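# here is a sequence with its predicted model. Questions after.
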Amino acid sequence: MTPVSLYGSSLSPAAQRRAFEGGDVPVAVYGLGKMGLPLAMVYAETTGNVVGVDVDQGVVDTLNAGECHVTGEPGLPEAVAEQVTRGAFRATVDASDAAATVHVVIVPTLVTDDHRTDLSILESACRALGANVTAGDLVVVECTVPPGTARDLVRPLVAEVSGLDEAAFGVAVCPERTLSGRALSDVRGGHPKIVGGVDAESTRVARLVYESLTTNDVIPVADATTAECVKLFEGLYRDVNIALANELATLTDELGIDVVETIDAANSQPFCDIHTPGPGVGGHCIPYYPYFVMDRVERDTPLLRTARQVNDSMPRFTAEKVEDELAAVGKHVADATVLVLGLTYRPGVAEIRATPAKPLVERLAELGARVLVCDPVLDDTSDFAGERVDVDDLLTTDPDAVVVVTPHAEFDAIDWDAFEDVVVVDGRGSVGETRHPVYRIGGGRRVGSVERTAATDGGDANTVAGGDR
Ligand SMILES: NC(=O)c1ccc[n+]([C@@H]2O[C@H](COP(=O)([O-])OP(=O)(O)OC[C@H]3O[C@@H](n4cnc5c(N)ncnc54)[C@H](O)[C@@H]3O)[C@@H](O)[C@H]2O)c1
Ligand SMILES: CC(=O)N[C@@H]1[C@@H](OP(=O)(O)OP(=O)(O)OC[C@H]2O[C@@H](n3ccc(=O)[nH]c3=O)[C@H](O)[C@@H]2O)O[C@H](CO)[C@@H](O)[C@@H]1O
């Protein structure tokens, strides 16, 4: 089979699509992690001709054995087994063994501790794929990158490594808009796919490719930088919105209202979509994307900066609530045992990057508490300054306070009344009926099943609804 190149092709669009879907357009996917592997599987089920490139030999060996190293993704193990068995996908650590005419890169793009962009992994992957790029190829950037990266970094670097003129190949930004935990279905069509090229031909080819891949719409935008910013703006909106919810949550006691209930009621009309407050904002995306923009522009961005400060202040606010709730029953945090439930950044996802649980545990330890930590999806909790407790042993810990940071499903079975003499700080509105005092971040304190703000103020008991939006 002579590989077909799509960029600048003289074939009809229909013939190009047939070539792509018929496997005559070999695809290479660089980065076979939480996002890259589901993506590679959708490319493989569509074209039958995909090679995955990863620097981790263990990942490569696992995949070539038809097994899946990514956990918590429904359907992914089955897809890996099927695509490897039918010969539609293979993995390698050796990029020189990844001949293709469509080269997709979806590797980590990072932010340093001092909030500077770190694209070193992307550069490394582009050097590797660049050696394989020939005239007529398309490079697809699926990873989230700062504005201008495809134009100013990827294209010139691939041209340098390949020896080609920049106009000889295409580069398109087609950002991954996927949620961990439903990656395969998201890639297949969970959201419209944004595509934007460094030139019109790159956009055209990317549109043709993704119209084969996704069951959803493909939205071509003006250029690559626009596509990069679509992805970033989604995340910036979320960070700022959550910061609004969090700032309002810190006013719960002064206003004497249940802020979560208030937000839910305000969101009952279509022009309002305030998100849900909690103990902080974690993950490898939302806390970092603002820095991709702030590090890239000269102009000050006070709103982005402040939103980060507000969200990063929530672990300390949550620790203050633990202190307050203990004081309300005559205890001091320095003499207390505090059990922290949920360490990952959100339920069911074994990811601790930027998790609010980490600064919260550190703050509680600073205040002198004996801190116990429990997370059913983490095998290793050594990153946290607390003593590990397994879910089955929770009731043996006899804590003075319990803080729910991340409400894993395993915590639903907790019999809260089986704890003796405990106060509860509920980060995400996941604690059900209990005789113990419960302070919900953004909801206020309730004693027993009655909400403080309504019942104790003479109104009707209200329900504290809400969960992450
Ligand atoms: N995880 C998410 O929820 C999510 C959602 C949307 C977008 N994204 C973006 O997708 C990109 C990848 O994220 P992820 O969550 O899949 O990361 P990940 O850490 O789960 O996987 C990254 C993979 O890339 C491999 N890798 C590292 N260097 C490499 C190189 N030079 N060449 C080839 N492979 C290399 C690693 O071994 C690993 O297997 C990031 O830019 C991220 O911003 C992530
Ligand atoms: C724009 C958008 O939606 N993008 C999603 C996001 O996915 P994510 O895995 O980063 O998870 P989020 O749900 O964003 O949560 C992040 C943190 O914010 C907390 N949170 C959330 C909602 C809320 O109302 N109040 C909160 O406090 C939550 O607990 C957690 O700690 O980024 C991915 C990569 O770009 C995307 O692909 C994916 O589509």
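On my side now, so go ahead. Ligands and ions are numbered 1, 2, ... in the order given.
# any idea how far the nearest residue to residue 206 once chain neighbours are set aside lies from ligand 2?
In space, and not counting its chain neighbours, residue 206 is closest to residue 172: 3.5 Å by CB to CB, 6 or more residues apart in numbering. All C-beta atoms are positioned from the backbone trio N, CA, C, and that covers glycine. From residue 172 across to ligand 2, the span is 18 Å (CB to the nearest ligand atom, to the nearest Å).
# now residue 172, what's its secondary structure?
strand (DSSP: H, G, I helix; E, B strand; the rest coil).
# return the residues of the chain in contact with ligand 1.
Residues of the chain lying near ligand 1 by CB under 6 Å from any ligand atom: 30-36, 53-56, 59, 106-109, 121, 124-125, 143-144, 176, 178, 180, 284-285.
# restrict these to those near ligand 2?
Restricting these to those adjacent to ligand 2 (criterion: CB under 6 Å from any ligand atom) gives 144, 178, 180, 285.
# which of the residues of the chain next to ligand 1 fall in strands?
30, 53 (DSSP state E).
# so who does the residue nearest to residue 206 touch?
138-141, 150, 195-198, 202-203, 205-206, 224, 227 (CB atoms under 8 Å, 6 or more residues apart in numbering).
# thought residue 272 was touching residue 265?
No: counting by CB atoms under 8 Å, residue 272 stays clear of residue 265, with 9.5 Å between them.
# ok, those two, which is more surrounded?
Of the pair residue 272 and residue 265, residue 265 is the one with more neighbours under other CB atoms under 10 Å, namely 13 against 10.
# for that one, give its distance to ligand 2.
Counting by CB to the nearest ligand atom, the gap from residue 265 to ligand 2 is 16 Å.
# I'd like the numbering to begin with 809 instead of 1 from here.
Got it, first residue is 809 now, which makes that one residue 1073.
# quick one, phi psi at that residue?
As for residue 1073, its main-chain torsions (degrees, to the nearest 10) stand at phi -70, psi -40.
# same question, residue 965
Main-chain dihedrals, residue 965, degrees, to the nearest 10: phi -70, psi -40.
# skipping adjacent residues, who's closest to it in space?
Residue 965 sits nearest to residue 934 (CB to CB, 6+ apart), 4.8 Å away.
# buried residues, stretch 963-977. List them.
Across stretch 963-977, burial judged by 16 or more other CB atoms under 10 Å covers 963, 965, 966, 967, 969, 970, 972, 976, 977.
# element containing the fifth one?
Read it as residue 969. Assigned by DSSP states H and E, residue 969 falls within helix 963-970.
# so what's the residue nearest to residue 965 scoring on pLDDT?
Looking at residue 934, its pLDDT stands at 98.
# and whichever residue of the stretch 959-1108 of the chain sits closest to ligand 1, what does it touch?
Proximity of the stretch 959-1108 of the chain to ligand 1 (CB to the nearest ligand atom) peaks at residue 984, 3.8 Å away. Taking CB under 8 Å, 6+ apart, we find residue 984 in contact with 843, 847, 914, 950, 951, 952, 995, 1039.
# which ones are touching the third one?
Shown here is residue 914, whose contacts under the criterion CB under 8 Å, 6+ apart are 837, 838, 839, 841, 843, 844, 847, 950, 951, 984.
# now with 6 Å?
By CB atoms under 6 Å, 6 or more residues apart in numbering, residue 914 lies in contact with 839, 843, 844, 847, 950, 951.
# redo these as TSV? Include neighbour count and distance to residue 1169.
Converted to TSV, these look like this (neighbours: other CB atoms under 10 Å; distance: CB to CB, whole Å):
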residue	neighbour count	distance to residue 1169
839	25	31
843	24	28
844	26	31
847	27	34
950	24	34
951	24	30
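# hmm, back to that, just name the closest of the contacts of residue 984 to ligand 2, please.
Lowest distance from ligand 2 to the contacts of residue 984 (CB to the nearest ligand atom) belongs to residue 952, with 5.8 Å.
# report the buried residues of the helix or strand containing residue 825.
Using DSSP H and E, the element containing residue 825 is helix 821-829. Going by neighbour count (16+ other CB under 10 Å), the buried part of helix 821-829 is 824, 825, 827, 828.
# circling back: on contacts alone, who are the packing partners of the helix holding residue 969?
helix 928-938 (3 or more CB pairs under 6 Å, 6 or more residues apart in numbering; DSSP states H and E).
# what's the helix it packs on packed up against?
Helices and strands touching helix 928-938, by 3+ CB pairs under 6 Å, 6+ apart, are helix 963-970.
# which outside residues touch the helix it packs on?
Under CB under 6 Å, 6+ apart, the answer for helix 963-970 is 934, 935, 938, 939, 941, 947, 974, 979, 1006.
# what's the angle from that helix to helix 928-938?
50 degrees (axes from the mean of the first three to the mean of the last three CA atoms, to 10 degrees).
# show the average pLDDT along helix 963-970.
Helix 963-970 comes out at a mean pLDDT of 98.
# stretch 1129-1139 too?
Regarding stretch 1129-1139, the rounded mean pLDDT is 98.
# next, the buried residues of that stretch.
1129, 1130, 1131, 1133, 1134, 1139.
# same check, this time on stretch 980-989
Using 16+ other CB under 10 Å as the test for burial, stretch 980-989 gives 980, 981, 982, 983, 984, 985, 986, 988.
# which non-adjacent residue is nearest the fourth one?
If I follow you right, that is residue 983. Nearest non-adjacent residue to residue 983 (CB to CB, 6+ apart): residue 1039, at 3.5 Å.
# before we move on, what about the third one?
When the adjacent residues along the chain are set aside, residue 982 lies closest to residue 1003, with 4.8 Å between them (CB to CB, 6+ apart).
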